[in-house]
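# Sequence first, then the predicted structure:
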Amino acid sequence: YKGKTLGIDAYVWLHRGAYAYAQSIALGESNTRYINYAIHRIRMLQHYGVTPYVVFDGGLLSAKKATESDRDRRRKEALAAGKKALQEGKKSLARDYFIKAVDVTPAMAFQLIKVTKCLPTPD
């Protein structure tokens with residue numbers, strides 16, 4: 001694939017990166033380590049001569065307002081259940097809930113944007 005350009009859905013890589021740090025992200029702790037997942041893959045593609053074209057979703061769509069409200073409700077329920085499980089010492093169960101509670105936000109995407117702007121670009 002050397003010499004090719006590949007379109008990347010940034011939010012997919014942000015979600016995958018956030019999976020590893022779900023508890024700290026869900027609990028609102030300051031953490032930008034989730035970005036490492038995406039940066040590692042971008043650099044890997046560049047190493048092999050592939051130009052990554054990182055695409056970020058637009059804003060919320062009014063047509064998906066009900067869907068987003070439902071997702072928000074489920075994330076809040078998962079966060080509450082995760083906190084409860086953590087208090088009970090059920091770390092594995094808590095992690096499962098925290099993974100469901102993570103919301104990749106525009107602020108998280110902006111952190112990735114800032115880092116990708118500092119990466120070298122192909123000639």
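Arrived safely.
# contacting residues around residue 7?
With contact set as Cβ atoms under 8 Å, 6 or more residues apart in numbering, residue 7 has these partners: 53, 55. In short, each C-beta sits where N, CA and C put it, glycine included.
# Quickly find the element holding it.
Taking DSSP states H and E as the criterion, residue 7 maps to strand 5-9.
# quick check: angle from the following helix or strand past that strand to strand 5-9?
Next helix or strand after strand 5-9 toward the C-terminus (DSSP H and E): helix 10-20. Helix 10-20 and strand 5-9 are oriented at 60 degrees to each other (axes from the mean of the first three to the mean of the last three Cα atoms, to 10 degrees).
# Show the average pLDDT along helix 10-20.
Taken as a whole, helix 10-20 has an average pLDDT of 93.
# report the longest helix in this protein, please.
Across the chain, the longest stretch assigned as helix under DSSP state H is helix 65-87.
# Next one: residue 87 relative to residue 21, how far apart?
Counting by Cβ to Cβ, to the nearest Å, the gap from residue 87 to residue 21 is 20 Å.
# nearest residue to the residue positioned nearest the centre of the chain other than its sequence neighbours?
Per Cα atoms, centre = their mean, the C-alpha nearest to the average position across the chain is that of residue 14, at 2.5 Å. Nearest in space to residue 14, with sequence neighbours left out and distances taken as Cβ to Cβ, 6 or more residues apart in numbering, is residue 104 at 4.7 Å.
# what does the model give that neighbour for pLDDT?
pLDDT, residue 104: 89.
# dump the residue contacts of it.
Contact analysis of residue 104 by Cβ under 8 Å, 6+ apart lists 11, 14, 15, 18.
# Run a quick check on the last one versus residue 36, I expect a contact.
In this case it means residue 18. No. Contact criterion Cβ atoms under 8 Å: residue 18 and residue 36 do not qualify, at 10.9 Å.
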